[in-house]
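Participant: Quick one, what's the 3D model for this:
(one chain, ligands or ions: 2)
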Amino acid sequence: GLNRETIPKHVAVIMDGNRRWAKNKGLEPMLGHEAGVRSLVKLLPLCRNWGIKVLTVYAFSTENWIRPKVEVDFLMNLFEKILKEELDSFMRQEIRISVIGDSKKLLRSLQKCIAKVTETTRRNSGCHLIMAVNYSGRTDIVHACRRISNKVKDGLIQPEDIDERLITNELETKCTEFPYPDLLIRTSGELRLSNFLLWQLAYTELYFDESFWPDFGEKEFVQALHSFQRRQRRFGGQND
Ligand SMILES: CC(C)CCOP(=O)(O)OP(=O)(O)O
Ligand SMILES: [Mg+2]
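Facilitator: Numbering: from 1, shown residues only. Ligands and ions are numbered 1, 2, ... in the order given. Got it, this is the predicted structure:
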């Protein structure tokens, strides 16, 4: 079984393989996205039971905009539908929802929905789900640099005050007490970070699963957690 003491506090997930999953079943790509979101919702109670405090998921990247408009619109409407449908369940499970990424490009109705869900769940202390929507790890760092530079220009801080903690607190994931993911899971066999969290993943254990995201359920999640618990994390220490 899983050892509760070494459960990762912050897990990041790149949910990949929705369309291949659908294709394998002779289904429309959209049904793959639908199944993918259901898969995510089903994992939340498990995170809560295991004591995972933060789950950051890559729900839509800046590169995903080049997809057919019908698919992008479907995904945007799907996010809004799920947030509305699951809000009561999130409240019952004490799940906090935050969204990171550039929300200005999102549909107005989705922006309003995100603001409402973020505010409604803000004080929940069960598990914190951070959805990266139109997120770019590099843009996150660029924006943090701009904010820090303005603070120096305004005389609020000196250049020598800039350290790792200060930068971490300027990133969009500042909203969590566990800013660095302990474990990153990417499904569908792809072996890359795709401009997800970059600064935050410096010492994160990476776990890759061949299964397509909609097939990533409790069994696969437990396997990933077991793999994590078997690893000896050195953080650059003894004979790295
Ligand atoms: C938007 C994102 C969560 C979708 C992940 O699945 P995908 O559409 O990249 O699916 P494929 O990698 O199979 O094309
Ligand atoms: Mg993909």
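
Participant: What separation is there between the residue sitting furthest away from the middle of the chain and residue 161?
Facilitator: Using CA atoms, centre = their mean, the residue of the chain lying farthest from its centre is residue 155. It sits 34.1 Å away. Residue 155 sits 11 Å away from residue 161, going by CB to CB, to the nearest Å. C-betas here are computed from N, CA, C, even on glycine.

Participant: Same check on residue 235?
Facilitator: To residue 161, residue 235 is 24 Å away according to CB to CB.

Participant: With neighbour numbers in mind, choose between those two.
Facilitator: Per other CB atoms under 10 Å, whichever of residue 235 and residue 161 has more neighbours is residue 161, with 11 against 8.

Participant: before we move on, the earlier item: where does the residue farthest from the centre of the chain land on pLDDT?
Facilitator: Here, the pLDDT recorded for residue 155 equals 98.

Participant: can you confirm it is in a strand?
Facilitator: No - assessed with DSSP: H, G, I helix; E, B strand; the rest coil, residue 155 is coil; it does not lie in a strand.

Participant: begin at 879 from here
Facilitator: That works, and once the first residue is 879, the last one we named lands at residue 1033.

Participant: so where is this protein shaky, pLDDT-wise?
Facilitator: 1116-1118 (pLDDT under 70).

Participant: Could you list the residues of the chain in contact with ligand 1?
Facilitator: With CB under 6 Å from any ligand atom as the criterion, the chain meets ligand 1 at residues 893-898, 914, 937-938, 942, 953, 1066.

Participant: For this protein, which segments count as helices?
Facilitator: For the chain, applying DSSP state H gives helices covering 896-902, 907-928, 947-970, 986-999, 1015-1031, 1042-1046, 1096-1108.
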